[in-house]
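Visitor: just a sequence and a predicted model for now, questions to come.
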Amino acid sequence: MQIRYFNETDREPLLEFAGSVQANNPKDSQYRSQELSEILQQPGFNPKTSCLILEKDDHIAGYCIVFSEKLIQRAVLATDVRIDLEASGSEAKLIQSGLELAKIRDASVAHLCLGSETPRSAMLEDVGFHNARTYLHMLWDEETPPDTKIPPEYSVSLYTSQDAQKLTDIQNAAFTGSWGFCPNTAEEIEYRSNMSNTRHECIVFLENKSDVVGYCWGCLGPNEGNTRGIISMIGIHPDYRGKGLSQIILTAGINKLNELSTDGISLHVDSNNTPAIKLYQSVGFREIDRLHWYEYTF
């Protein structure tokens, strides 16, 4: 078993590996491969220095990607291994190697997300992580989407290819200072808005004259061979909070995603964010699972 840095000859085998792990059908497999391909090409990311390969018998058996967020001195680890190696000593060594890389990058903290509790939870704790946050995975699968009632002084518009800076500004304004959020650049936002899981018409702005007061960023992803809508980000500018605008932009986002998805709409929300949970429940979202963010402090 060997842990080494990614090189260009790994690209196709790695994408094939990503499509074979935790994918139960061709559509899900293709999505996972495409998603990783786009991640490896995103602005400011160099897989040769940020992606570790776990190799066994000259074949890829796992990987660990270290995303450095220097503005907030954080690293996010994304790891996947063969099913038979989950929670094994080999996966633990892979994650430890990722932590060493994060430390070299001057991270003060590292985060890694797991789904429902598995033996991997105990493995992370043995490595030195602790469960820092729990997020609810919620699903909306109602037959009829909620009504969108927009006050006359507000309007809804859809993202266009000219709106990268506008989206960057509202996202940073809405989330800077929130747990785990690192401010984005317009280059990063433009790239992500053109990834294969995003449709421009699924990114919705709420505006008051020339002010962007809120937004909902919707994506599309596979779920057991079907297409599911995903609300990846939703936020209101701090100057406009407390006015009931969250429900307006939420319902606008649901309606747009509902036009394109066939298997409901999902989102993740911090279990400590009671107002947001109540808002989502009010329009029909229900909890279906939990995600656990583990933290390692250097």
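Guide: All right, it came through fine.
Visitor: from the centroid of the protein, which residue is nearest?
Guide: S232 (6.5 Å; CA atoms, centre = their mean).
Visitor: assumed it was part of a helix.
Guide: No: S232: not assigned to a helix; according to DSSP: H, G, I helix; E, B strand; the rest coil it is strand.
Visitor: what residues are up against it?
Guide: 217-219, 267 (CB atoms under 8 Å, 6 or more residues apart in numbering). Every residue, glycine included, has its C-beta placed from N, CA and C.
Visitor: now do the helices in the stretch 151-298 of the chain.
Guide: Counting by DSSP state H, counting those that start in this stretch, one finds helices in the stretch 151-298 of the chain at the ranges 164-175, 186-193, 245-258, 274-282.
Visitor: and N46, which of those helices is closest to it?
Guide: helix 186-193 (14.5 Å; CB to CB).
Visitor: other SSEs contacting the closest one?
Guide: With contacts taken as 3 or more CB pairs under 8 Å, 6 or more residues apart in numbering; DSSP states H and E, helix 186-193 sits against helix 164-175, strand 198-208.
Visitor: could you dump these into JSON lines and include mean pLDDT?
Guide: Output for the helices and strands packed on helix 186-193, formatted as JSON lines (pLDDT from 0 to 100):
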{"stretch": "helix 164-175", "mean pLDDT": "98"}
{"stretch": "strand 198-208", "mean pLDDT": "96"}
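Visitor: what's the closest of the ones you listed to G62?
Guide: strand 198-208 (27.5 Å).
Visitor: for that closest one, which positions count as buried?
Guide: For strand 198-208, burial by neighbour count (16 or more other CB atoms under 10 Å) applies to 198-199, 202-208.
Visitor: got a markdown table for the helices of the stretch 151-298 of the chain, with distance to E100 and mean neighbour count too?
Guide: Formatted as a markdown table, the helices of the stretch 151-298 of the chain follow (distance: least, CB to CB, whole Å; neighbours: other CB atoms under 10 Å):
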| stretch | distance to E100 | mean neighbour count |
| --- | --- | --- |
| helix 164-175 | 29 | 19 |
| helix 186-193 | 26 | 18 |
| helix 245-258 | 40 | 22 |
| helix 274-282 | 36 | 14 |
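Visitor: out of those, the one nearest S90 is which?
Guide: Closest approach to S90 among those is made by helix 186-193 (31.9 Å; CB to CB).
Visitor: picking that back up, for A87, which of the helices of the stretch 151-298 of the chain is the nearest?
Guide: Of all the helices of the stretch 151-298 of the chain, it is helix 274-282 that lies closest to A87, at 30.3 Å by CB to CB.
Visitor: CA atoms only: put that closest one into PDB for me.
Guide: Coordinates of each C-alpha in helix 274-282 appear next as PDB, following Å, rounded to 0.1, in the frame of the first residue of the first chain:
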ATOM      1  CA  THR A 274     -33.600  26.700  14.400                       C
ATOM      2  CA  PRO A 275     -35.100  29.600  12.400                       C
ATOM      3  CA  ALA A 276     -33.900  28.100   9.100                       C
ATOM      4  CA  ILE A 277     -35.200  24.700  10.000                       C
ATOM      5  CA  LYS A 278     -38.600  26.100  10.800                       C
ATOM      6  CA  LEU A 279     -38.700  28.000   7.500                       C
ATOM      7  CA  TYR A 280     -37.900  24.800   5.500                       C
ATOM      8  CA  GLN A 281     -40.400  22.800   7.400                       C
ATOM      9  CA  SER A 282     -43.100  25.400   6.800                       C
END
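Visitor: now it and helix 245-258, what's the angle there?
Guide: 40 degrees (axes from the mean of the first three to the mean of the last three CA atoms, to 10 degrees).
Visitor: hmm, who's touching helix 274-282?
Guide: 136, 138, 140, 246-247, 250, 267, 269-271.
Visitor: now, which of those sits nearest P47?
Guide: Using CB to CB, L267 comes nearest to P47 of the contacts of helix 274-282, at 28.9 Å.
Visitor: who's in contact with the closest one?
Guide: Neighbouring residues of L267 by CB under 8 Å, 6+ apart: 137-138, 230-232, 234, 280, 285.
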